[in-house]
Structures are given as structure tokens and as C-alpha cells.
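> Task: produce atomic coordinates for the following.
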Amino acid sequence: MSISNLSECLIMEVDNRFRKTKLVVLVSTFSKKEIRDLDKFLCSPYFRVNEKVYRLFLFLKKYYPNFEQAKFTSANAFKFISSTPFQDALFRSTCAALLKLIEQFIVIENMEESQKDISLLNFYERRGLSNSHTKKALSSLEKKLKKEKGSYTNIYFSWFRYNELKRIYLNQNNAISLKCIQQNLNNIDESLTTLFIVEKLKIACDIETEKQGNPNYNYSIFFIEEVLELIKNNTSWQKNPEVRMRYLNLLQLKTTNSLEKEQYITQLRNLFDIHAASLPLREVLNLYTHITTYFILKMNNITDSNSVAYKSAKLEYYEINKDWVKNILPLNANKILAVRFKNIVTLGLRVGDIAWVENFINNTNPDFLTNHREPYKTYDYANALLQFHQKKITQALNSILSIQFIDKVFNVDARRLTLKIYFELADMENFDDTLNAFRVYLANADKQGYLDKNRIEKNRNFANILNAIFYQKETIKQIKEKVMQTKTLLEQDWLLEKLNANKK
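Here you go, the predicted structure:
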């Protein structure tokens, strides 16, 4: 390799590292409104932000939200903030200073109103300020807690802190009745117990889930049986929506009886549908993950993907995803994980709900596909997949050929779709080229370990069977038997559809 080529490779490596820094990744998750608010925050005279730091923000803002552009490089960023030659130490310190300010902005923007009042009350307590200050702040905090819909953990803890601070106020005020003081002590105990039970159930659910995925994980959860018995024998605890939902979720995770598991998950889903809108988003997403995991495991435990049981479970899982799009996605400001978006599109097309999927794609803003560095490519891939299922094969080909994923999993899915398109077009030359490239890609992935073994085997089996169908190397009956008998295989339904079409 020549010196110039080596230099180019080093620069590319530096730029890739810059795109993956905590600073860039963090800013890429911001909404347009958050970017505008951050700009105002940095311009505040209170912080007296260094000019280079602010200009670095302006550079990020210029390329937001697509930081994959060729001109988004560390060298260009440094030119934007300074007229001197590139200085790595200065650039790093500027990035660190901007990151620190952004993290301060996040803390301030995301602090719940009740936490602000608690901080104020703590300040009054430390300064020994008069009862009039404390009384007004306590009243304000109580009103906010009754309205607040933040993290349930924070709400329970805030109620606990409210009652503790109120106790200090009551003890300082001799005019308060003994009955009022006793009621306050009761409230402290109740809020602390509620906090403990909810958090205990949540962590117990996570531990049970981890146990299912890792048989070597054998941790015993302290006091959980006592907590379950307490809830079982106390109807008042079961009236708390989150306690009841966490309780049902833990029961379904612990039982090995499939009928009981189904009953618990049904009750949980019914409660979830009723209370999701009133729960804080973090709790909604956590419970939704547990519910969907149940149906994923249910499908994975059914060996025959052509069975009625498997198709029924897949349809149930799809309906849950549709409910999520309808009821939960708006609560999350229409932001959706890019992986989830892709999975919902794929699942919807596999069950044949093409009209719904098309509407879902059209109503999704690619800027709102989160936790992925290639949101626009993901969106374009979804459109290519839709066009393929709509039998718009040429359009699908044009769409997929314009996408080159860096993400390894997304890349292999795009390659598989390309192979299917050339199969449909009966384009022998391109089918062979794509198939050979696909096999080489899978071999390299296996050798270098950037795809899991199961995924590689499923894709490899798919490629081999599709090749057999394309060239009719065996009888349709023989290939069909192979499809039915191969357990690690992707797109079984589509392959059977192609075999049946050839039979006719």
C-alpha cells in the first residue's frame, strides 16, 4: 500500500471514530426542537461558552441529523472552529467541553418538576429558612405530584421525600396536631413500602428474564416470595396498576405451566391496554418488551413454522406490534427504534397486511428512526421490501441497489432481498453473481464473527434452497421436503410459494 493510500485509510479511520464518539451519537438522538433549545442554552450568558465550543456545536448542527455525509469529518470540524492547523489535543478538549455542556442541558431539561421542588425544599432545610418558605414549597410539590406522570420510581420516591420533608416542617411547627403528625408517619411508611414493592417486582422480572436466556445464571431473589404472598393476600396492593401488572408478569415468567402462562399474559395485556396511556413512557416500554418477549419465545418454541399454532402466534405478535404503533408510538413523540421499524415492516408484509405496512411507512419520518447510524437507508430498505411484496419488482431492484448498509445484519437482509429480486426477474447472470457474493459475505462473517452462527446458517440454507429452485437441480417434491425438514431456515413461506408456483 502506498503512503498516500495509507494516509487516506488513517484519515477515514479517524473520521469513523469521530462519528462514533459519545458527543456525535448523543446529538444524533436529539429532536429538531431539542437542537433549537440546546442552541439557546449554549448562548445563555450564564455559561459564557468558549467560542470554539459553540462553533463546534454549529458544525454539528449544520450536518444534523445525517452525520454520515462525506464532509462531516474531524478535519473539517476543526477548520470550522479554528484557523490553525489541526491539533488533536485541542480538538478533543473542545469536544469534551461541548459534551459536558450538553449533558448539563439534558439534566436540566429532563428533571421532573417534583424533583425541582424537592431540591428547593432541601435548600430551605439546609439554610434554616422560615416555615412560610417551606409551607409554600410543600404545597406546590404536593400539587405537582398529584398531576405528574414521570417515572413511577421517581414518583414513589418523590412522595417519600415529600412526606419526610413535611415531617420536618410538622416537627418545627408546634401548632400542628398529634393526629396530623401520626398520619404523616403512616404516609412515609406507605410511600416507602410502595417504592420497595414496585422496584422489587421490576428487578425480579428482569432477573427471571435473564435466567431464561442464561441457564448458568442462578441468582435467588431476596424476599420475593414474601412480596408475592403479600400482594396475593392484600387486595389493596393489587389495585395499584403497576403493582398488579408487574405481579402478573413475574407470575408468567416463573410458571412452567403453558396454560397458566397464557392466562397471566392475557390478564397483563388487558391491564396494559387500559393503563398504558396513564403510565410513564419508560414503564410502558419496559412492560411492552416483556409482553412481546413472551410471544417471541412462544413462536421460537414451535418447531414447525407451517403449523397453525406458529401462524397464530405470529399473528398475535403482529397485532401487538400494530397496537404499539397505534397507542404507544405517539407517546414517544413518534420516535421508533430503526430495528423495530424494520421488524414491524417485515412482519406485516409476511402476514400479508400490505396496505397497513404502506401506510405505516408513509407516516414514519426517517428522522425519527433512532439508535441506528443509517436511518435513511433503513427507511429506503423498508420501501424496497414493500415494492417487492407489491410485485413492483423493477422499482424494488432500483431501490435496493441504491442502498449499501454498513450495519452487518441490515446488510445481509438487503443482500437476501436482492437475491430474491433477481430470482423473480429470472436474471441468471445477476442471480449467480449476487448468490456468489452472498456466500462469500456469509463465509467472511462466519470467519470474522460479525454475525451470529444461527443467522449465518439460516441465510446459507436459504441461499442453497433458492439456488436449487432456480436451477431445478432436484424435483419440486425433493426440494419441498428439504424446506420442510430444515429447521434453521429463513423465509420458508416464500420458498414454498415459489415451489408451488413452479409446480403449476
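> per-residue pLDDT, the closest residue to residue 333 other than its chain neighbours?
Sequence neighbours aside, residue 31 is the residue nearest to residue 333 in space, at 6.8 Å (criterion: CB to CB, 6 or more residues apart in numbering). Backbone N, C-alpha and C define where each C-beta goes, glycine included. For residue 31, the pLDDT comes out at 84.
> pretty sure residue 31 contacts residue 332?
No - counting by CB atoms under 8 Å, residue 31 stays clear of residue 332, with 11.1 Å between them.
> quick check, residue 372 in a helix?
No - going by DSSP: H, G, I helix; E, B strand; the rest coil, the assignment for residue 372 is coil, not a helix.
> low-confidence ranges in the stretch 301-450 of the chain?
Within the stretch 301-450 of the chain, not a single segment meets pLDDT under 70.
> ok, now with 80
303-307, 331-333, 371-373 (pLDDT under 80).
> what are the ranges of the helices in it?
With DSSP state H, counting those that start in this stretch as the criterion, the stretch 301-450 of the chain has helices at 308-323, 338-350, 354-362, 375-389, 393-401, 408-424, 428-448.
> Make CSV out of the ones you listed and add distance to residue 467.
Conversion of those to CSV gives the following (distance: least, CB to CB, whole Å):
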stretch, distance to residue 467
helix 308-323, 26
helix 338-350, 22
helix 354-362, 27
helix 375-389, 19
helix 393-401, 19
helix 408-424, 9
helix 428-448, 6
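> Residue 423 reaches residue 468, doesn't it?
No - here residue 423 does not reach residue 468: they are 11.6 Å apart, not a contact under CB under 8 Å.
> For these two, indicate the residue with more neighbours.
Neighbour totals were compared for residue 423 and residue 468, and residue 423 leads with 21 against 18 (other CB atoms under 10 Å).
> how distant is stretch 264-275 from the center of its chain?
With CA atoms, centre = their mean, to the nearest Å as the basis, stretch 264-275 stands 21 Å off its chain's centre.
> Give the buried residues for it.
With burial defined by 16 or more other CB atoms under 10 Å, the residues of stretch 264-275 counted as buried are 264, 265, 267, 268, 269, 271, 272, 275.
> hmm, back to that, next, count neighbours for the residue nearest to residue 333.
For residue 31, the count of nearby residues is 14 (other CB under 10 Å).
> measure it to residue 239 for me?
To residue 239, residue 31 is 37 Å away according to CB to CB, to the nearest Å.
> contacting residues around residue 52?
81, 82, 90, 94 (CB atoms under 8 Å, 6 or more residues apart in numbering).
> Give the closest residue to residue 230 in space, chain neighbours not counted.
That would be residue 237: by CB to CB, 6+ apart, it lies 6.8 Å from residue 230.
> One more: residue 430?
residue 422 (4.7 Å).
> can you pull the contacts of the one you found?
So, once contact is read as CB under 8 Å, 6+ apart, residue 422 ends up touching 397, 430, 431, 434.
> mind checking how far residue 284 is from residue 111?
20 Å.
> so where's the stretch 1-150 of the chain shaky on pLDDT?
Flagging of the stretch 1-150 of the chain using pLDDT under 80 yields the residue ranges 1-17, 19-20, 47, 65-70, 110-150.
> 70 instead?
Looking at the stretch 1-150 of the chain by pLDDT under 70, you get 1-16, 112-114, 128-133, 148-150.
> Distance from stretch 446-459 to the middle of the chain?
23 Å.
> Quick one: end-to-end length of that stretch, please.
For stretch 446-459, the first-to-last residue distance is 12 Å (CA to CA, to the nearest Å).
> buried residues in that stretch?
Neighbour counts using 16+ other CB under 10 Å place 446, 451, 455, 456, 457, 458, 459 of stretch 446-459 among the buried residues.
> so the first one makes contact with residue 455?
By that I understand residue 446. No - counting by CB under 8 Å, residue 446 stays clear of residue 455, with 10.0 Å between them.
> got a list of what the spatially most central residue of the chain touches?
Of all residues in the chain, the one closest to the mean position by CA atoms, centre = their mean is residue 337, 4.9 Å from it. Contact analysis of residue 337 by CB under 8 Å, 6+ apart lists 369, 370, 371, 372.
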